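**Q** Sequence isn't available, so here's the structure alone:
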Ligand SMILES: Cc1cc2nc3c(=O)[nH]c(=O)nc-3n(C[C@H](O)[C@H](O)[C@H](O)COP(=O)(O)O)c2cc1C
């Protein structure tokens, strides 16, 4: 089984990445393969509403000048998906939103390509707005007919500078809990 995580932060090694890697720990312990895909900081266009994905029915977007199709293929092949974003003006980063819109629309027009996969969202935040970020990513899972893994106090960690989230003991414990729950659920679903 495999879980792919999409990091919407442009800061490599930043708080969101630290959180994602903490979720990976119990997954890897359970023998689940993991891969982190960096999208933050890359040049990724938004959806142009051309609806070609629905016409083509080949699990791709007609825009081929950015990494979205490569990412979409990995997401569609995965059993579990982690979306991670820092809070930017109370929402996900632009790159994360572009992935949600484009991969989400390919999946939707393709007849539910993400149905019954397992999803978890994690959010890095300095002070306020994380719940809205969390909701944005969970709405993607929900419209995609996925199973969502939560934890206590809504999958977020506090911090501003790179590494600050390591001081948020409760938040980081939640990241481990998310990984454990995800591993449990994936294990239960494996033979369904
Ligand atoms: C453009 C921008 C907007 C931000 N907006 C918010 C915000 O609305 N609320 C907040 O608490 N922190 C905000 N932050 C702080 C980041 O969410 C915070 O530093 C986070 O830990 C960064 O995670 P990263 O290291 O994974 O990039 C903002 C940072 C930037 C660069």
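**A** Cool, the structure landed. Note that the structure is a prediction, hence the values are computed from the model and not measured.
**Q** what's the neighbour count on residue 152?
**A** 10 (other C-beta atoms under 10 Å). From N, CA and C alone the C-beta is placed, and that goes for glycine too.
**Q** Revised request: answer the last question for residue 21.
**A** 18.
**Q** Secondary structure element holding it?
**A** helix 15-29 (DSSP states H and E).
**Q** Would you mind getting the angle between whatever helix or strand comes next after that helix and helix 15-29?
**A** From helix 15-29 onward toward the C-terminus, using DSSP H and E, the following helix or strand is strand 33-38. With axes from the mean of the first three to the mean of the last three C-alpha atoms, to 10 degrees defining the directions, strand 33-38 sits at 170 degrees from helix 15-29.
**Q** how about strand 33-38: buried residues?
**A** 34, 36-38 (16 or more other C-beta atoms under 10 Å).
**Q** Looking at these, spot the one nearest residue 52.
**A** Checking these against residue 52 with C-beta to C-beta, the nearest one is residue 37 at 23.2 Å.
**Q** Could you tell me the average pLDDT over stretch 170-180, please?
**A** Here stretch 170-180 scores 98 as its mean pLDDT.
**Q** from the buried residues of strand 33-38, which is closest to the ligand?
**A** residue 38 (11.0 Å; C-beta to the nearest ligand atom).
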